[in-house]
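In: After the sequence you'll find the predicted model.
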Amino acid sequence: MSSETDDLFGGGDLSKERLKGRAFLAFCFAASVFGVFALALLLLDVFSQAATGVFVRDIDVVRFLTNSASRFPDQAGFYAAIVGSAWLMVLTVILSFFIGVGTAVYLEEFAPDNRWKRLVEANLANLAGVPSVVYGLLVLAAVVNLGNPLTGGRVGPILLAGAIALALLIMPIIIVSAQEALRAVPEGVRRGSYATGATNWQTVRNVVLPAAIPGILTGTILALARAIGETAPLIMVGALLTARRAPDGPFDSFGAMPTMIYYWADRPEIDFQYLAAIGIVVLLLILLAMNATAVYLRNKYETEYQ
């Protein structure tokens, strides 16, 4: 037994192994502290600039939230960008949620376990790590530059194109998270349904999906929280950097919060820098609200199986 242990752990002095373990633990702790420290510095810089803009430069928060973009910093606001992002999230969830959840249900509950299924799942995992700008370029070529049969020109940079890019971006995340939620439902629950005479579809519809909904909604909200902060795919599909007017529908031109912040941060005037900081704070508060909603839904509706 001792020789087998020596072969497994390489023999040697146990004190040296403990020292290596402590060194590795210290390295992991230092890496975590460094990441938290860098994040704290970034947040401190953003909030300090936002506070300077509000309390020193007298930027009216109410005006900031109710006005749209302007070339004059004392008149510029975030309203049109907020409305544009809200439109994007609504269209994105419509385009991605049902297709993503349906794909996850098919792969997890109905698809035969063969190499094609494993290939699809491997590709979905890889697609979740594709840079977001790639989806923007894809939609630029496949949608924005597509010929419009009604006008004879091209479709152009419309709100729907931005929503398609974001839907493609988060769909692999929704599929993978929905699969994990479906796998978390115990097999005994399914067998109990089958024992009552229910079919496979009835079991999935009436038993498995209701039990998995909290996890599916949590994954979807977290995916949308990623999408709402994306800038690169929106710039690729032609989103307006200066959102001077809120969009009225999916076929209007549009701006969004990330593109508006990008535009302000790139301007040389110091007041625009403060506007960008306040915009970042607004975006962070929305992200925190979305994450809090995901945690609430998970804790409230999650079912514990004994």
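Out: Structure received. Numbers count the residues shown, from 1 in each chain.

In: how much space between Asp271 and Ser70?
Out: Look at Asp271 and Ser70: by C-beta to C-beta, to the nearest Å, they are 11 Å apart. C-beta coordinates here come from the backbone N, C-alpha and C atoms, glycine included.

In: Between the two, tell me which one has more neighbours.
Out: When Asp271 and Ser70 are compared for neighbours, Asp271 comes out ahead with 16 against 12, by other C-beta atoms under 10 Å.

In: The more buried one touches Asp58, doesn't it?
Out: No - using C-beta atoms under 8 Å as the test, Asp271 is too far from Asp58 to be in contact (10.2 Å).

In: Would you mind listing the buried residues in stretch 227-235?
Out: Across stretch 227-235, burial judged by 16 or more other C-beta atoms under 10 Å covers Ala227, Ile228, Gly229, Glu230, Thr231, Ala232, Pro233, Leu234, Ile235.

In: Now secondary structure too, for these, in TSV please.
Out: Output for these, formatted as TSV (DSSP: H, G, I helix; E, B strand; the rest coil):
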residue	secondary structure
Ala227	helix
Ile228	coil
Gly229	coil
Glu230	coil
Thr231	coil
Ala232	helix
Pro233	helix
Leu234	helix
Ile235	helix
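
In: Only C-alpha atoms, please: export the helix or strand harbouring Leu65 in CSV.
Out: Assigned by DSSP states H and E, Leu65 belongs to helix 61-66. Extracted as CSV, the C-alpha positions of helix 61-66 are listed here (Å, rounded to 0.1, in the frame of the first residue of the first chain):
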residue,chain,number,x,y,z
VAL,A,61,-29.5,63.5,-13.2
VAL,A,62,-33.2,63.9,-14.1
ARG,A,63,-32.3,65.8,-17.2
PHE,A,64,-29.6,63.2,-18.0
LEU,A,65,-32.2,60.5,-17.9
THR,A,66,-34.9,62.3,-19.8
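
In: Contacts made by that helix with the rest, please.
Out: Val54, Ala76, Gly77, Phe78, Tyr79, Ile82, Leu275, Ile278, Val282 (C-beta atoms under 8 Å, 6 or more residues apart in numbering).

In: again with stretch 194-208
Out: Applying C-beta under 8 Å, 6+ apart, the set of residues contacting stretch 194-208 is Val105, Glu109, Phe110, Leu182, Val185, Val189, Arg190, Gly192, Ser193.

In: Which one of the residues you listed is nearest to Cys28?
Out: Cys28 lies nearest to Leu182 out of the contacts of stretch 194-208, by C-beta to C-beta, at 32.4 Å.

In: so what's the closest one scoring on pLDDT?
Out: Looking at Leu182, its pLDDT reads 92.

In: doesn't Glu108 make contact with it?
Out: Yes - the criterion here is C-beta under 8 Å, and Leu182 meets it with Glu108 at 4.4 Å.

In: hang on, the earlier thing: for the contacts of stretch 194-208, could you give me CSV that also reports distance to Ala243, neighbour count and secondary structure?
Out: What follows is these, written out as CSV (distance: C-beta to C-beta, whole Å; neighbours: other C-beta atoms under 10 Å; DSSP: H, G, I helix; E, B strand; the rest coil):
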residue, distance to Ala243, neighbour count, secondary structure
Val105, 37, 22, helix
Glu109, 43, 17, helix
Phe110, 43, 10, helix
Leu182, 39, 21, helix
Val185, 43, 21, coil
Val189, 48, 14, helix
Arg190, 48, 18, helix
Gly192, 53, 13, helix
Ser193, 50, 18, helix
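
In: Mind putting those residues into JSON lines with distance to Ala30?
Out: JSON lines is the format used below for the contacts of stretch 194-208 (distance: C-beta to C-beta, whole Å):
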{"residue": "Val105", "distance to Ala30": "43"}
{"residue": "Glu109", "distance to Ala30": "44"}
{"residue": "Phe110", "distance to Ala30": "47"}
{"residue": "Leu182", "distance to Ala30": "38"}
{"residue": "Val185", "distance to Ala30": "40"}
{"residue": "Val189", "distance to Ala30": "44"}
{"residue": "Arg190", "distance to Ala30": "46"}
{"residue": "Gly192", "distance to Ala30": "49"}
{"residue": "Ser193", "distance to Ala30": "50"}
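
In: and Asp116, how many neighbours does it have?
Out: For residue 116 the amino acid is Trp, not Asp. Neighbour tally, Trp116, other C-beta under 10 Å: 10.

In: so it is in which element?
Out: Per DSSP H and E, the secondary structure element for Trp116 is helix 115-127.

In: I appreciate the help and will end here.
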